Each structure stands twice: as structure tokens, then as C-alpha cells.
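>>> Any chance you can model this:
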Amino acid sequence: MDVLDIILLIIRWAHALAAVVWIGGSLFLLLAGRPALRSLRSEIGDASGLVGRALAVEFRPIVATAIAVLIVSGVILTVDRLTSEAAGVAYTAVLVAKIVLAVYAFGIAWLLPRRREQRAGGIRGALLGPVTLTIIGVIVIGLADVLTWLFERGLVG
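Presented below is the predicted three-dimensional model:
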């Protein structure tokens with residue numbers, strides 16, 4: 001293992017950690033934070049809205065940092081993998097799908113704080129909401145595993 005391999009390993013780790021922090025935090029907010037705030041609403045009324053906004057304010061810089069790390073590390077890892085002969089057509093197709101979904105998730109994350117003020121409903125609200133963002137994030141993490149499998153398969157055969 002040479003120095004470049006170690007650097008790429010660290011970049012892969014940072015990429016995975018940023019995804020886990022962002023999507024894990026989103027899952028926590030959806031599965032634990034929202035229900036807790038709903039139960040608080042009956043006890044303390046409007047103050048639960050303040051707590052929810054405070055959580056969002058604290059989580060926003062974490063998301064921004066995760067997105068920055070994902071973009072920088074993603075570009076480096078994409079160049080590394082696509083310059084290898086092990087990355088075939090299937091790998092490239094899954095990678096494109098992952099990138100498209102990631103860009104969509106970045107867009108939702110960028111629009112979400114602005115959208116809350118406008119309260120878009122219906123299909124538009126659903127397509128740009130935190131649940132959709134979290135689902136896309138989970139799918140992107142799954143596609144990362146598919147990419148690893150395809151790449152390793154390309155190395156063997």
C-alpha cells in the first residue's frame with residue numbers, strides 16, 4: 001500500500017462518514033425528533049416550534065459541511081474509479097444514477113430552509129421535503145454499495 005492508496009482510503013472514509021452523518025442525522029430527526037416535538041406540542045404548545053427551528057439551525061451547518069465533503073471527495077473518487085479498467089458500463093450507469101440522485105438531494109437540502117417559509121404543499125412539497133431527502137439519501141448509500149460490488153467484480157473478472 002503506497003501513499004496514494006492511503007490518501008484514497010482516507011478520502012473514501014471521509015465520503016462515507018459525511019453521508020452517514022447527513023443521512024443518519026436526517027433519519028434521527030424524522031424518526032425521533034419529529035415525534036418528540038409533536039408530543040411536546042401538546043405539553044408546551046408553540047415552544048416546540050422554537051425547539052424544531054433550533055434543531056434545524058444547528059443541523060444546517062452540519063449538512064453544509066457534509067455536502068462540501070461529499071462533493072470534493074466524490075469528484076476525486078469518481079476520477080479514481082473511472083480511470084480504472086475495472087469500471088465498466090454497468091458501473092458507470094449506476095454511478096450516473098447515484099450522482100443524479102445526490103445532486104437532487106443537494107438541491108432539496110438547499111431549498112428546504114427556504115421552502116419552510118413558503119410551506120409548499122401537494123406533490124411539489126412532497127418532492128422537496130425532508131422525507132424525500134432522507135429516502136434519496138438511503139438509496140444513494142445503497143447505490144454506493146452496488147458500485148463497490150461492481151468495481152470489485154470488475155477487478156476479478
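
>>> Show me the residue at the heart of the chain, geometrically.
residue 137 (4.3 Å; CA atoms, centre = their mean).

>>> what about that residue, distance to residue 68?
Computed as CB to CB, to the nearest Å, the residue 137 to residue 68 distance reads 16 Å. Yep, even glycine has a C-beta here, placed from its N, CA and C like the rest.

>>> ok, and the closest non-adjacent residue to the residue nearest to the centre of the chain?
Setting aside the residues directly before and after it, residue 137 is nearest to residue 23 in space (CB to CB, 6 or more residues apart in numbering), at 3.7 Å.

>>> How about residue 98?
Computed as CB to CB, 6+ apart, the closest residue to residue 98 that is not its neighbour in sequence is residue 143, at 4.2 Å.

>>> Residue 71 too?
Nearest residue to residue 71, sequence neighbours excluded (CB to CB, 6+ apart): residue 106, at 7.8 Å.

>>> Can you give me the buried ones in stretch 87-102?
87, 91, 94-95, 98, 101-102 (16 or more other CB atoms under 10 Å).

>>> Check stretch 135-150 too.
Counting neighbours by 16+ other CB under 10 Å, stretch 135-150 gives 135-137, 139-141, 143-144, 147, 150 as buried.

>>> Show the average pLDDT along that stretch.
The pLDDT scores in stretch 135-150 average 95.

>>> In PDB, could you pull the C-alpha coordinates for that stretch?
Output in PDB follows, covering the C-alpha atoms of stretch 135-150 (Å, rounded to 0.1, in the frame of the first residue of the first chain):
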ATOM      1  CA  ILE A 135     -35.200   8.400   1.200                       C
ATOM      2  CA  ILE A 136     -33.000   9.600  -1.600                       C
ATOM      3  CA  GLY A 137     -30.000   9.600   0.800                       C
ATOM      4  CA  VAL A 138     -30.700   6.000   1.800                       C
ATOM      5  CA  ILE A 139     -30.900   5.000  -1.900                       C
ATOM      6  CA  VAL A 140     -27.700   6.800  -2.600                       C
ATOM      7  CA  ILE A 141     -25.900   4.900   0.200                       C
ATOM      8  CA  GLY A 142     -27.300   1.700  -1.200                       C
ATOM      9  CA  LEU A 143     -26.000   2.600  -4.700                       C
ATOM     10  CA  ALA A 144     -22.600   3.100  -3.200                       C
ATOM     11  CA  ASP A 145     -22.600  -0.500  -2.100                       C
ATOM     12  CA  VAL A 146     -23.700  -1.600  -5.500                       C
ATOM     13  CA  LEU A 147     -20.800   0.400  -7.000                       C
ATOM     14  CA  THR A 148     -18.300  -1.200  -4.700                       C
ATOM     15  CA  TRP A 149     -19.600  -4.700  -5.700                       C
ATOM     16  CA  LEU A 150     -19.500  -3.800  -9.400                       C
END
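
>>> All good on my end, thank you.
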